[in-house]
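J.: next comes the sequence, and after it the predicted model I'd like to discuss.
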Protein chains: 2
Amino acid sequence: MGLDDRKLAVLRAIVEDYVSTQEPVGSKALVERHQLGVSPATVRNDMAVLEEEGYIRQPHTSAGRVPTDRGYRLFVDRLSRVKPLSPAERRAIERFLVGAVDLDDVVHRTVRLLAQLTRQVAVVQYPSLARSSVRHLELVPISTTRLMLVMIADTGRVEQRLVELPGPVPADTVTDLRRLVNEKLAGARLSDTPPLVQALVEEVPSELRPAMTTLSTVLLETLVERHEERIALAGTANLTRGGLLDFQGSLRPILEALEEEVVLLKLIGETEPSTTRVLIGDENEFDNLRAASVVSTGYGPGATIVGGLGVLGPTRMDYPGNIATVRAVARYVGELLAQN
Amino acid sequence: MGLDDRKLAVLRAIVEDYVSTQEPVGSKALVERHQLGVSPATVRNDMAVLEEEGYIRQPHTSAGRVPTDRGYRLFVDRLSRVKPLSPAERRAIERFLVGAVDLDDVVHRTVRLLAQLTRQVAVVQYPSLARSSVRHLELVPISTTRLMLVMIADTGRVEQRLVELPGPVPADTVTDLRRLVNEKLAGARLSDTPPLVQALVEEVPSELRPAMTTLSTVLLETLVERHEERIALAGTANLTRGGLLDFQGSLRPILEALEEEVVLLKLIGETEPSTTRVLIGDENEFDNLRAASVVSTGYGPGATIVGGLGVLGPTRMDYPGNIATVRAVARYVGELLAQN
DNA sequence: ACTGGCACTCGTTACAGTCGAGTGCCAGGG
DNA sequence: CCCTGGCACTCGACTGTAACGAGTGCCAGT
């Protein structure tokens, strides 16, 4: 693939122009708007090569060129520098996030902030329970045969579940149960709890056995199995920017995908290394999202990652800008979490 | 206004045809599809009257007629009977709602169910804190100067807040605080708590005074002031049904409105009498939603109302069907809540 | 009071023609 | 060998015209 510097410069120029104008860009307009130092004819030759290599394409004969997914990929990997944030943006981030009173608040503010700054759809995953530790388990008697189990994680997440006991349980038994589960489970990572819960049932004095057995089922469900992941979403109205040109005229598949938590989690949650991830067009695994790109990264207090956040938009998006914003917001949120 | 029975029948036929075909309906098609017993010419005369009275209109000179908001209003008020649900729908409702393990689960299942059954956007308000009572307040020590306040309401809602204490507080002080706040507040309606919290600060022994003062601030915030209302949303992808004909081609204003909790609350929350409410077109107060209709009702265990739920869609919607579904779902959810 | 008939309106569709942006190719020059 | 100016070509966008037809309003007749 003989892509010399000028051809790369042409590709970069095409991407930048197309992203900002949303219209196929021709050779003449290109030399006018960028200092390429060559004539349109030369640019045309370069374009022909770029097209042959699959980086750009023509919507129809006699129109300008448009980047392909592959072209965006090359642009993101080799042709763009991360834009520094403007002071105004930094200020917006700080202003938005101070004053958050609890985790729910942090997540909601973050997702709105992201949507506003990037003008895309924003997605924020709540701190994953799988990556959290148990801070405290509380048992609140609701009636003699019902308990409310409240689990508080070190990340600030709070989950609750109703426990239907097999028979009436006196108050001091509840106290015993509370003490036992906390002794055993407090401080443990949620992913490590199943054997501990098992041990709990076996070690417990026989008079507590039935209640503890029931409790353990709910504990396992709450700690491990159940909808352990939560997601916040904002900015869906941004999908309608750019008229109906993006997403080839139908928002339907996009909106459908955004309603599936599983999909969103796969998009922003699988961020193993702490680096920013960019999925362009059909690089993601969902047919519904073939026309969309996702920029995501992990966040967490300090170096540990407890969840993911990101934005979703048309493949024709401002990658450098969005990458910068996503990273900056993730860092701020991490700092915020570290304070608690 | 001389609207005799036949004219009303014509209006009903127009609404029904337009809702199902989504195309302006003409006099000839009307007499073919309905047994009106008169000729097209007669129907045309009736139509002219209906148009003069503002119940229908012509998109352009030589097209069929389309109901106006006023026409839908008359249809809903006087020309339609609530459709009984099909057995399949009843089964779907039951199947969907059994197995819900906690309030979050109930709300999520409900909103998805509503979206699926009506094929519209569904909105469910969490049980309003203003209409709930305190079941239990829990204080969990996080560190010597930090507490997690967990409030459990009788409706199943659980709210938590972090409390930053003015100074270190020993464990048994926390126990005292917990006992005091529960003695005073447990069982009280949330709307009645402010004076009780005030009294609490005044009556408390002086050594607990500083901690209790801080705690009371957070209590008031949690119980009364803060984002006390929550909303679940589903089915936004249904907005794209009917191509771009509904909502005159732009989903933007609708999506924007749906992102504002305040807007949604006004739409489905203000359901003072327990009857079903229908807002057609510009009957609602939001410019963004002039092209939309909302069917909503209250729900709650037994006769009390603790929250609202409903659906939002194009003015061209199946009112009788949606009204029936919304009512039925509200009733089932009420029963479910009553069991807890 | 209803109906059949008729002229009229006007949006939709089809078709032809023009325009112009943009291309590919080629021959010539550094 | 690479670049450039020139040129023929393509094809979508736009415009104007014409035919079509669904639907209407009106009127005279029963």
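T.: Now that the structure is in, tell me what you want to look at.
J.: got the residues of chain A near chain B?
T.: A:101-102, A:105, A:135-136, A:138, A:140, A:142, A:148, A:150, A:152, A:156, A:158, A:160-162, A:221, A:226-227, A:234-237, A:239-240, A:244, A:250-252, A:255-256, A:258-259, A:340 (CB under 8 Å from any CB of the partner chain). The way it works is simple: take the backbone N, C-alpha and C, and place the C-beta from them, glycine included.
J.: ok, then the element right after the least confident helix or strand in chain A by mean pLDDT?
T.: Every helix and strand of chain A was ranked by mean pLDDT, DSSP states H and E. The lowest is strand A:158-164, at a mean of 87. Remark: after strand A:158-164, the chain's next helix or strand is helix A:171-185, criterion DSSP states H and E.
J.: quick one, that next one and strand A:158-164 angle?
T.: Using axes from the mean of the first three to the mean of the last three CA atoms, to 10 degrees, the direction of helix A:171-185 lies 130 degrees away from that of strand A:158-164.
J.: for ChimeraX, what selects the buried ones among the residues of chain A next to chain B?
T.: The ChimeraX command for the buried members of these (criterion: 16 or more other CB atoms under 10 Å in any protein chain shown) is given here:
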select /A:102,135,136,138,140,142,148,150,152,156,158,160,161,226,234,235,236,237,239,240,251,252,255,256,258,259
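J.: now go through the residues of chain A next to chain B and say which are in strands.
T.: Of the residues of chain A next to chain B, the ones assigned to strands by DSSP state E are A:135-136, A:138, A:140, A:142, A:148, A:150, A:152, A:158, A:160-162, A:234.
J.: what residue ranges in the stretch 201-340 of chain A score low on pLDDT?
T.: A:226-227, A:243-245, A:270-274 (pLDDT under 70).
J.: on the three-state scheme, residue A:285 is what?
T.: coil (DSSP: H, G, I helix; E, B strand; the rest coil).
J.: state the number of residues packed around the residue lying closest to it once chain neighbours are set aside.
T.: Nearest non-adjacent residue to residue A:285, counting by CB to CB, 6 or more residues apart in numbering or on different chains: residue A:266, 7.0 Å away. Using other CB atoms under 10 Å in any protein chain shown, residue A:266 has 15 other residues around it.
J.: which helix or strand contains residue A:266?
T.: Using DSSP H and E, residue A:266 falls in helix A:261-269.
J.: elements contacting the next helix or strand after that helix?
T.: Sequence order places strand A:277-279 as the next helix or strand after helix A:261-269, per DSSP H and E. For strand A:277-279, the packing partners by 3 or more CB pairs under 8 Å, 6 or more residues apart in numbering or on different chains; DSSP states H and E come out as strand A:292-299.
J.: quick one: contacts of the least confident helix or strand of chain A?
T.: Here strand A:158-164 makes contact (CB atoms under 8 Å, 6 or more residues apart in numbering or on different chains) with A:103, A:129, A:139, A:142, A:145-153, A:214-215, A:218, A:221-222, B:101-102, B:148, B:150, B:152, B:156, B:158, B:160, B:340.
J.: how about a cut-off of 7 Å?
T.: Contact partners of strand A:158-164, identified using CB atoms under 7 Å, 6 or more residues apart in numbering or on different chains, comprise A:145-152, A:214-215, A:218, A:222, B:101-102, B:150, B:158, B:160, B:340.
J.: ok, the residue in chain A positioned nearest to DNA strand C - how many residues close by?
T.: Here chain A gets closest to DNA strand C at one residue, residue A:26, 2.7 Å apart by CB to the nearest atom of the strand. Counted with other CB under 10 Å, residues neighbouring residue A:26 total 19.
J.: so who does it touch?
T.: Going by CB under 7 Å, 6+ apart, residue A:26 touches residue A:64.
J.: quick one: pLDDT of it?
T.: Model confidence at residue A:26, given as pLDDT, is 93.
J.: how much space between it and residue A:97?
T.: To residue A:97, residue A:26 is 44 Å away according to CB to CB, to the nearest Å.
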